[in-house]
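Provided below are the primary sequence and the corresponding predicted coordinates.
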Amino acid sequence: MKITMLGWELPPHNSGGLGVACYNLAKQLAQDGFEINFVVPYRARHRIKEFKVIGATDITPAELYRSANAYHSSGTIPPPNEESVRGGLDGLRTRYARFVQKLVADDPPDVIHAHDWLTFDAAVAAKRLCGSPFIAHVHATEYDRSGNAEGNLIVHDIEYQSLLLADKIIAVSRLTKRTIVEKYHIPADKIEVLHNAPAEVPPPETVADSPSYPYLEEMRRSGWTVVASLGRLTVQKGLNYLLEAAKLAVEKNPRLIFLLAGDGEQRDQLLLRCAQLGLGGNVAFSGFVRGQRWRDSYGSADLFVMSSVSEPFGLTALEAAACRLPLIITRQSGVGETISHALKYDYWDTHRLASLILAAAEQTVLRHELADNAASEINRLSWREVARGCSRIYRQHSLVEASP
């Protein structure tokens with residue numbers, strides 16, 4: 001069975017968890033016997049053998065990151081049109097859609113499986129051209145990306161129209177399904193929840209001999225507790241609330257250090273806020289991490305915090321659990337549907353977060369119990385189960401039997 005899969009990024013050219021989830025799903029489907037043609041909007045080398053990666057344009061990943069990454073939705077984005085083909089994000093979406101239409105016209109797939117809003121226009125156009133069913137996979141909505149604010153109205157419209165036209169919708173959590181039903185008024189029976197699973201990424205080309213954070217290792221040996229948070233530095237991730245909680249916690253336990261691993265548009269604002277709170281000696285910003293630095297961000301920590309205001313899933317929590325870290329996560333995160341052995345709080349409750357951080361930092365038995373139980377829980381999750389769910393959906397909506 002032939003699947004044209006549409007996504008905006010894949011490792012190692014990803015800027016967040018979307019590309020990691022897409023890679024793991026496509027890899028498992030390919031291993032199960034499906035023919036996967038994965039279309040990305042850039043041209044680059046991928047160390048992926050299990051499925052075919054097709055670049056729709058000649059732009060580089062670096063150009064994509066600057067103005068059209070998978071999480072970009074700020075400002076006014078005009079709809080695709082003839083005059084804007086070479087201009088910005090709207091022009092890139094137009095070129096991408098045209099490429100996909102030509103691809104499916106020459107070689108019609110059995111199913112079109114599209115990930116998030118940037119690819120939805122292309123999927124709708126391709127469906128109209130070749131008649132193949134369109135499966136919309138929602139990893140995040142504009143409401144999530146904007147931190148439950150209004151966000152970009154044009155993106156809302158793209159999501160709404162595309163979800164109406166999709167043959168089936170896959171949501172990564174019950175939380176995301178509820179958002180789609182409540183905000184876009186899509187019938188609940190059109191949406192199926194398929195939770196993500198612990199992620200693998202293609203191996204790095206080189207591995208350094210020394211650890212990425214020797215200063216953190218030295219501080220841990222001196223009795224400090226390292227609290228890690230991995231993710232994009234955006235309003236969605238609630239990092240301002242985390243810094244407020246860090247201030248409260250450090251006042252009671254000055255031997256806490258917070259590692260913020262990631263990059264994003266809030267970086268300068270968060271640096272300034274650290275200075276205003278007097279946290280310069282207790283917060284470390286690593287910048288964007290991948291490969292060994294990504295792995296070492298977990299390996300150098302004692303506990304993990306995910307402070308998101310609205311997190312459809314939260315792959316970083318599964319990654320942290322796989323590294324046997326105790327978890328502190330918000331109740332506004334989808335990953336909490338799969339992990340019960342985590343300390344949970346509402347994203348705005350900075351005093352409770354500070355208390356949870358202090359409790360986990362000071363109680364070794366609590367940390368070990370949380371880490372062991374969470375690690376056991378995630379063993380129940382697998383990309384094979386996610387792929388089986390996709391296969392069932394393909395079978396329901398395609399004229400071709402969905403089997404290897």
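That came through fine.

can we go C-alpha only for contacts and neighbour counts from here?
Fine.

Domain map for this protein?
Listed by automatic domain parsing, the domain ranges of the chain are 2-197+382-397, 214-378.

okay, those domains in a markdown table with mean pLDDT next?
As requested, the domains of the chain are exported to a markdown table (pLDDT from 0 to 100):
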| stretch | mean pLDDT |
| --- | --- |
| domain 2-197+382-397 | 90 |
| domain 214-378 | 95 |
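
Save the ones you listed as a markdown table, and put in mean neighbour count too.
Formatted as a markdown table, the domains of the chain follow (neighbours: other C-alpha atoms under 10 Å):
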| stretch | mean neighbour count |
| --- | --- |
| domain 2-197+382-397 | 19 |
| domain 214-378 | 19 |
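
who are the neighbours in contact with the closest residue to G147 other than its chain neighbours?
Distance criterion C-alpha to C-alpha, 6 or more residues apart in numbering; nearest residue to G147, sequence neighbours excluded, is Q236 at 4.2 Å. Residues counted as contacts of Q236 (C-alpha atoms under 8 Å, 6 or more residues apart in numbering) are D144, R145, S146, G147, N148, S308, V309, S310, E311.

Among those residues, which one sits closest to A359?
S308 (20.3 Å; C-alpha to C-alpha).

hang on, isn't the closest one packed against Q332?
Yes: with contact defined as C-alpha atoms under 8 Å, S308 and Q332 form a contacting pair (7.0 Å).

Among the contacts of Q236, which lie within strands?
Counting by DSSP state E, no part of those is found in strands.

I'd like those laid out as JSON lines, including distance to E369.
Output for the contacts of Q236, formatted as JSON lines (distance: C-alpha to C-alpha, whole Å):
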{"residue": "D144", "distance to E369": "31"}
{"residue": "R145", "distance to E369": "33"}
{"residue": "S146", "distance to E369": "35"}
{"residue": "G147", "distance to E369": "32"}
{"residue": "N148", "distance to E369": "33"}
{"residue": "S308", "distance to E369": "24"}
{"residue": "V309", "distance to E369": "26"}
{"residue": "S310", "distance to E369": "27"}
{"residue": "E311", "distance to E369": "25"}
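
Which ones among the residues you listed map onto helices?
Here DSSP state H is the test, and the contacts of Q236 give D144, R145 as lying in helices.

Output the longest helix belonging to this protein.
Per DSSP H, the chain has its longest helix at helix 88-106.

where's it relative to the chain centroid, distance-wise?
Relative to the chain's own centre, helix 88-106 is displaced by 23 Å; criterion: C-alpha atoms, centre = their mean, to the nearest Å.

so the residue nearest to G147, which of the three states?
Here Q236 is recorded as helix under DSSP: H, G, I helix; E, B strand; the rest coil.

Pairing partners for I169 in the sheet, please.
Taking DSSP bridges as the rule, I169 bridges to A136, I191.

And the helices in the stretch 1-150 of the chain, which stretches?
17-31, 61-67, 88-106, 117-130, 142-145 (DSSP state H, counting those that start in this stretch).

List just the one of these that sits closest to R295.
For R295, the closest of these is helix 17-31, at 14.0 Å, according to C-alpha to C-alpha.
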